[in-house]
Each structure stands twice: as structure tokens, then as C-alpha cells.
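Chemist: here's my sequence, what's the structure:
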Amino acid sequence: MAAFVSAPAIGVGQPLTRDSSLVLASSLAGATPARAARLCRSSRRCRPVASLQSPDRDGPPDLEEYFAGKAAAAAAAAAGAAPAPPVSLGTGRANTAACGGNSVAAGEAAAAKALAALGDGATVADVAAVHVTADVGVDWTSVLAGVAGVVGTGGVPLIGRAVEKKDGAGSVEVLLLGGGGGVAIARSSVAVPVAGGGAAVVAAATAGGAEIQDAAAAAASSAAKEVLQRLAAAGGSVAAVPTFWLFASSGGAPAEAVRSGVEAATGGKAVVYGGPAAGDGRCVTGGVVPTVGSPPAVAVDLLGIIGGVSFIASAVVKTWAQPVFAEPLPYMTPTYTGDPSTDLLTAIRYNDMDMFSSCLDAGVDVNTQWADKQHQSPLLAACARARTVMVDVLLSRGADVSHRNDGGFTAVMYTRMLSGYDRPVVMGQLRALEAAGASVELNEEETAALDKATGGRIVPL
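Modeler: Model prediction:
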């Protein structure tokens, strides 16, 4: 059975206090034979981290960062350093609708699924930390009670928050972290009063004003410092530098401010997953419920995790700590410059019909070309993304269907590349181009170019 240092029980709506807990999983020597065998198999699959998925963007790791990490791992191995012990993951999801509207039952169901997914024969003793998110419309206290009823609270840190998730009404999601042989997890929850206080600051919380950002960064920095101290106090061969961090904060605390606070405490780049509580911002572990006469505060509940995590595993952690659309990522949010010509391309990329129409109404030529984008035209950009409504508007305003960009591609060529889209959508776009005077047939040179660009996946007529 894993040995845990005693930790505070789950708290909801706590006063301005600081709590911290440390979980240091048992070594192989103290594990049961079955569990030891499972841990050994996991350690052979897990390698030291070369790169983790970025908290604020999706996609593969930065190549420079990836190879730098690989080189560092190779150097550590050559120096005789033991590989980082693996962190195991278990995830479970439930919905109150499937549980008769019972939030406790939904928490229990999600936690039970996560425990079963943690590994063959996994028990509560294998759980090192718990992360919970629940739809903002679900009874938060009841969800936590349900989760605790399955995984217990005896020394195992639990953090989480309410979220707003697309198509996630009534959802409860549980992420369990497990491990052994040196996996270490420390927790600290810190609340910092907002400078100035008052109703105006409280009202501006959701806007992430400067006072809120400062309080969030200060709380995160203080919590991170205590986490580092707790990890260092664990002693032994455990390095007091978390592989990644998980956090939940009270409403209005921008994730960027929390991450900057953690980085300030660690003195360098840190991988920090999480976000603020949705709704009124109170449904967060370690959170605070303002009372009459007390200053508003920002709370940050933070975990630092040391252990081996692959890039794919880090993507799983991120997905559950930052549910889709709970925190809009930078690439989801268009940035406009105020220049209609430049903003037109951005509007096409993000399918922002209002800004698209505004730019055209401001007088941008439908046949304008962006010199720094291979002389792409609005029609080519819209066709490449199957923006059929925009294509129709551009054609109605006289867009040139024969224009070729610097790569020799036309609107028809871009449309014939859309093999991943529904055929009726693609054929409708081709018919619109044909009606405007374009030939939807490809000549030999165009076919060769598309074969090379798509690997032969050209939309047939």
C-alpha cells in the first residue's frame, strides 16, 4: 500500500488560509508483487520527458525544444541517472442525466471509471492525486462528496473546479494520477486579497483586470514556492523540480497570470495546466466565499508533480485539466489589427462572418492580394477552408476565379484539395466557381501539383 503523508480533507469555501499536502508514493520494495510487476512494466514503457504539450497551444512539441529535451535525457542516462518514475493516469466521465439528476452519484460513477482505467487491479492505494471538473450547473459540493466516496480523502490531494464546456451540460470528469517508486506530488492552496477590494473589483473579476491578475500571480507564486519546499523536504533522490503542474483557481483569475506566477517562483519555464472556476467563481477547491465586510480574494490550488510523462500522456492531462472550450486558447481567438485589408484574411481564417462583411463594406477590394502570403487572394483563402458562404459573397462581388498565387494554385485547385470535407459541400463550391466562369477540370500541370500536395487525394468530379 502506498504510504502518504497526511493531508487536509477536501475543503470548499475555505477562509483565507494556506493548506499544503505532500504525497510520496511507496517504493517497489514496499509494493505487493502484483503491483510491483505492474510498475515495472510501466517504467519500461515510460521514458524521461523530452517535451510536454504546451498548455496554451495544441499540436506536436516544438522541434528545438523536443531535441534539446532528448539530448538532456541522453546526457542524464550517460551520467548514470535513473529514469524518471512513471506517472500513471486514469480518466472517467459521467453525467447527472444518466444518474437521475443525482450529483453525488455522478461523482461516484466518474471516479469509479477513472479508478478502473488507472490500471489492471488498481485500488485506492494506487491513487496519488485527484483532479475533478464539473459542469457549472452541477452541485459542486455533491460532486466532490461522490468522488471522495470512491477514492477517499485520506492524505490524497484533490483539486478541481466548475467549468463551462461545449455540449457538457451535467458532465463530471475525474482524472486520477498514480505511480510509485519515487513519483512525488505536493499541494499548496493560497488565497491573496485583491488590492483595493470593493464591489467594483468584484464586478470586474471576470474581466481579469490588473488587480485580479496581480493577485492571481502572487497567489500562484506563493503556492509554487511552498510546493517546491515540500518536495525538497521529501529528501532522498527526489529532485525538487516538478515535471508539470496542475491548478484550479477562483473565477476571474487568468490562467496566464497563474502560469507567470509559477514561472516566477521556479525561475524558468514551467508546464502548468488548469484554469479558473466558471460561473460565480466559487466552485473551486481551496476557494474562498466572500463574507460581508471581507475583502475579495483570488485563490489558487496548485499541485506539483514529479514523474515520467510521455508527450501523449501530457496531452491527456491537458485535455482533462483544460476541457475543450473551457479556456479559449490563443489560436481560437482572432487578433485584429484595425486594418480592414489585413483583417479580412484573419476573418476568413476564423470564419468570422461579421468581420468579413465589415471589411468588405469598408472598401477592401475583393481581388486584393497579400504579398506576404504568396499573393493569396480572398477567394483562394476562402476556398481553401471551404468557407462556402464567403465564397458566394466574393463571387457576387466579382472575385477573379482565374487568379493564381505564387505557387500556381487557383480557387478550383484549392477546392479539389478538400478531400476531408463532405462531398456535397465541396461540389457545391465547385459549382459556384464554375458558374462564375472557372473550369473545374484540371490540366496536366495542375493535376501533378495537386498529386504532390495531397499525395493523390484529389476530389473527383
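Chemist: make sure Ser221 is actually in contact with Ala265.
Modeler: Yes. Look at Ser221 against Ala265 with CB atoms under 8 Å: they come within range, at 4.6 Å. C-beta: built from backbone N, CA, C; applies to glycine.
Chemist: so Asp392 makes contact with Ala432?
Modeler: Yes. Assessed by CB under 8 Å, Asp392 is found in contact with Ala432 at 6.0 Å.
Chemist: who has more neighbours, those two?
Modeler: When neighbours are counted by other CB atoms under 10 Å, Asp392 and Ala432 differ, and Ala432 comes out ahead with 20 against 15.
Chemist: the more buried one is in what secondary structure piece?
Modeler: Using DSSP states H and E, the secondary-structure element containing Ala432 is helix 423-435.
Chemist: over to Leu176?
Modeler: With DSSP H and E as the test, Leu176 turns up in strand 171-179.
Chemist: what is the very next helix or strand once past that strand packed up against?
Modeler: Using DSSP H and E, the helix or strand that follows strand 171-179 in sequence is strand 184-193. Helices and strands touching strand 184-193, by 3 or more CB pairs under 8 Å, 6 or more residues apart in numbering; DSSP states H and E, are strand 19-24, strand 127-135, helix 210-233, strand 297-306.
Chemist: ok, 10 Å please
Modeler: Strand 184-193 makes packing contacts with strand 19-24, strand 127-135, strand 158-163, helix 210-233, strand 244-249, strand 297-306 when contacts are defined by 3 or more CB pairs under 10 Å, 6 or more residues apart in numbering; DSSP states H and E.
Chemist: worst mean pLDDT among the ones you listed?
Modeler: Note on the helices and strands packed on strand 184-193: lowest mean pLDDT is at strand 19-24, with a mean of 36.
Chemist: make CSV from the helices and strands packed on strand 184-193 and add mean neighbour count and distance to Gly90 to it.
Modeler: Shown next, in CSV, are the helices and strands packed on strand 184-193 (neighbours: other CB atoms under 10 Å; distance: least, CB to CB, whole Å):
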stretch, mean neighbour count, distance to Gly90
strand 19-24, 22, 15
strand 127-135, 28, 8
strand 158-163, 27, 14
helix 210-233, 22, 23
strand 244-249, 28, 15
strand 297-306, 28, 14
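Chemist: mind putting those into a markdown table with distance to Tyr350?
Modeler: Conversion of the helices and strands packed on strand 184-193 to a markdown table gives the following (distance: least, CB to CB, whole Å):
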| stretch | distance to Tyr350 |
| --- | --- |
| strand 19-24 | 42 |
| strand 127-135 | 26 |
| strand 158-163 | 23 |
| helix 210-233 | 26 |
| strand 244-249 | 28 |
| strand 297-306 | 31 |
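Chemist: these: which one's closest to Gln369?
Modeler: With distances scored as CB to CB, the stretch of the helices and strands packed on strand 184-193 nearest to Gln369 is helix 210-233 (40.4 Å).
Chemist: pull the distance from the closest one to the chain's centre.
Modeler: Average the C-alpha atoms of helix 210-233, do the same for its chain, and the two points are 20 Å apart (CA atoms, centre = their mean, to the nearest Å).
Chemist: then stretch 344-363?
Modeler: Using CA atoms, centre = their mean, the mean C-alpha position of stretch 344-363 is found 28 Å from that of the whole chain.
Chemist: kindly format the C-alpha coordinates of that stretch as PDB.
Modeler: Taking Å, rounded to 0.1, in the frame of the first residue of the first chain, the C-alpha atoms of stretch 344-363 are listed here in PDB:
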ATOM      1  CA  LEU A 344     -10.100  40.300 -44.000                       C
ATOM      2  CA  LEU A 345      -7.700  37.400 -44.200                       C
ATOM      3  CA  THR A 346      -8.000  36.900 -40.400                       C
ATOM      4  CA  ALA A 347     -11.800  36.900 -40.600                       C
ATOM      5  CA  ILE A 348     -11.700  34.200 -43.400                       C
ATOM      6  CA  ARG A 349      -9.300  32.100 -41.400                       C
ATOM      7  CA  TYR A 350     -11.600  32.200 -38.300                       C
ATOM      8  CA  ASN A 351     -14.900  32.100 -40.200                       C
ATOM      9  CA  ASP A 352     -15.900  35.400 -38.700                       C
ATOM     10  CA  MET A 353     -18.700  36.500 -41.000                       C
ATOM     11  CA  ASP A 354     -19.400  39.800 -39.200                       C
ATOM     12  CA  MET A 355     -15.800  41.000 -39.500                       C
ATOM     13  CA  PHE A 356     -15.600  39.600 -43.100                       C
ATOM     14  CA  SER A 357     -18.600  41.700 -44.100                       C
ATOM     15  CA  SER A 358     -17.300  44.700 -42.200                       C
ATOM     16  CA  CYS A 359     -14.000  44.600 -44.100                       C
ATOM     17  CA  LEU A 360     -15.700  44.400 -47.500                       C
ATOM     18  CA  ASP A 361     -18.100  47.200 -46.600                       C
ATOM     19  CA  ALA A 362     -15.100  49.300 -45.600                       C
ATOM     20  CA  GLY A 363     -14.000  49.100 -49.200                       C
END
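Chemist: for that stretch, give the mean pLDDT please.
Modeler: Averaged across stretch 344-363, the pLDDT comes to 92.
Chemist: buried residues in it, which are they?
Modeler: By neighbour count, with 16 or more other CB atoms under 10 Å as the criterion, the buried positions of stretch 344-363 are Leu344, Leu345, Thr346, Ala347, Ile348, Tyr350, Asp352, Met355, Phe356, Ser358, Cys359, Leu360.
Chemist: need the residues that contact that stretch.
Modeler: In this structure, residues lying in contact with stretch 344-363 by CB atoms under 10 Å, 6 or more residues apart in numbering are 331-337, 339-343, 364-366, 368, 370, 373, 376-387, 389-391, 393-394, 397.
Chemist: run the last query once more with 7 Å
Modeler: Outside stretch 344-363, the residues that touch it by CB atoms under 7 Å, 6 or more residues apart in numbering are 334, 336, 340, 343, 364, 366, 370, 373, 378, 381-382, 385, 387, 389-390, 397.
Chemist: Thr342 is in contact with Tyr336, correct?
Modeler: No. Contact between Tyr336 and Thr342 fails when scored by CB atoms under 7 Å: they sit 8.2 Å apart.
Chemist: out of the helices and strands packed on strand 184-193, the one nearest Asp280 is which?
Modeler: Asp280 sits nearest to strand 158-163 of all these, at 8.9 Å, using CB to CB.
Chemist: gap between stretch 156-166 and the chain center?
Modeler: Between the mean C-alpha point of stretch 156-166 and the mean C-alpha point of its chain there is a distance of 13 Å (CA atoms, centre = their mean).
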